[in-house]
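# Return atomic coordinates for the entry below.
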Amino acid sequence: MRRLPLLALLVMALTLAVPAAAHAAPSAKPAASVQLAATGIDLCAQTGYTAGFRGNSLVTAVAIAMAESSCNPSAAGSNPAGSGCPNGSLDRGLWQINNCWHPEVNDTCAYNAQCNANAAYTISYSGTYWQPWSTYNNGAYAGWLSAAQAAVNRLNNPPGTVTGTIVASPSLTIRSGPGTGYGPVGSAAYGAVVNITCYTFGEYVGGGPWPSSTWDRITNPATGATGYSADTWISTTYDVKTMVPQC
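Got it, this is the predicted structure:
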């Protein structure tokens, strides 16, 4: 990520009037909010999604990160002294956040994969402004768009994932635990396909096609919401207890 020419910076200042909240510190989203098991381009897809990028902006963000750093969280690139940065500068981490133009992002954050992604989300105005990145301006990112799309697809549908279809209308609540006494963490609409990672036993639910005390731990790919929902409202090819492990 290189510094913008002075004229571009002036245009940005004049045309991008955004609420103060858009400038919140990138560490507002905790780095520990996702388990970083992925590497390379899949790491960029995972952290980008957690930071808030969605849809085409997520694909663009991943492609830019690949062009900038090959999605290496330890990547660093030095820049010579220039206007605004008389001592030179350093581009850091996945999205190569520059330490001169973004001193609010310290090294600890810049070299932390999730914190770097959060910073990129803030700097790009929630994925709507990419001019601060030289690889976007010169088109280098475009060569990574297909690979970025594939990484996003893997994020939404990991290999070997067991899926189920929501049969509750109009939607099924996703809860923090296996019972209606647990608070909601999200929902999934009727007909939505969700990922199922494991099952457990909890409150007996008498409604639905398959009444039981089985609860599935699910993730709604459309929103990222993860928690527990009553198995009776989730249609699977076979009994879920034969398809996934117990939580």
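# hang on, isn't Gln131 packed against Asn137?
Yes: Gln131 is within contact range of Asn137, at 6.2 Å (criterion: C-beta atoms under 8 Å). (Glycine included, C-beta is placed from N, CA and C.)
# Mean pLDDT per helix and strand in the chain: which one sits at the bottom?
Least confident helix or strand, the chain: helix 6-15 with a mean of 33, by mean pLDDT, DSSP states H and E.
# Show me what secondary structure element comes after that helix.
With elements assigned by DSSP states H and E, the helix or strand that comes after helix 6-15 is helix 40-51.
# after that next one comes which helix or strand?
Assignment by DSSP H and E places the next element after helix 40-51 at helix 55-69.
# continuing past that next one, what's the next helix or strand?
Later in the chain than helix 55-69, the nearest helix or strand by DSSP H and E is strand 76-79.
# for whichever helix or strand comes after that following strand, packing partners?
Using DSSP H and E, the helix or strand that follows strand 76-79 in sequence is strand 89-92. With contacts taken as 3 or more C-beta pairs under 8 Å, 6 or more residues apart in numbering; DSSP states H and E, strand 89-92 sits against strand 76-79, strand 97-98.
# distance between strand 89-92 and the chain's centre?
Between the centre of strand 89-92 and the centre of its chain there are 23 Å (C-alpha atoms, centre = their mean, to the nearest Å).
# Contacts made by it with the rest, please.
Contacts to strand 89-92, defined as C-beta atoms under 8 Å, 6 or more residues apart in numbering, come from residues 1-3, 68, 75-79, 97-101, 105, 107, 110-111, 116.
# repeat that for 10 Å
Contacts with strand 89-92, where a contact means C-beta atoms under 10 Å, 6 or more residues apart in numbering, come from 1-3, 68-69, 73-82, 96-103, 105-107, 109-111, 116, 119, 133-134.
# Surely Thr163 is within a strand?
Yes: counting by DSSP: H, G, I helix; E, B strand; the rest coil, Thr163 falls inside a strand.
# In contact with the closest residue to it other than its chain neighbours, which residues are there?
Of all residues not flanking Thr163 in the chain, Val193 sits nearest, at 5.2 Å (C-beta to C-beta, 6 or more residues apart in numbering). Shown in contact with Val193 (C-beta under 10 Å, 6+ apart): 156-157, 161, 163-166, 220-222, 235.
# out of those residues, which are buried?
Buried members of those, scored by 16 or more other C-beta atoms under 10 Å, are 161, 163-164, 166, 220-221, 235.
# Rank the residues you listed by pLDDT and give me only the lowest.
Among these, Thr161 has the lowest pLDDT, at 71.
# Many thanks, I have nothing further to ask.
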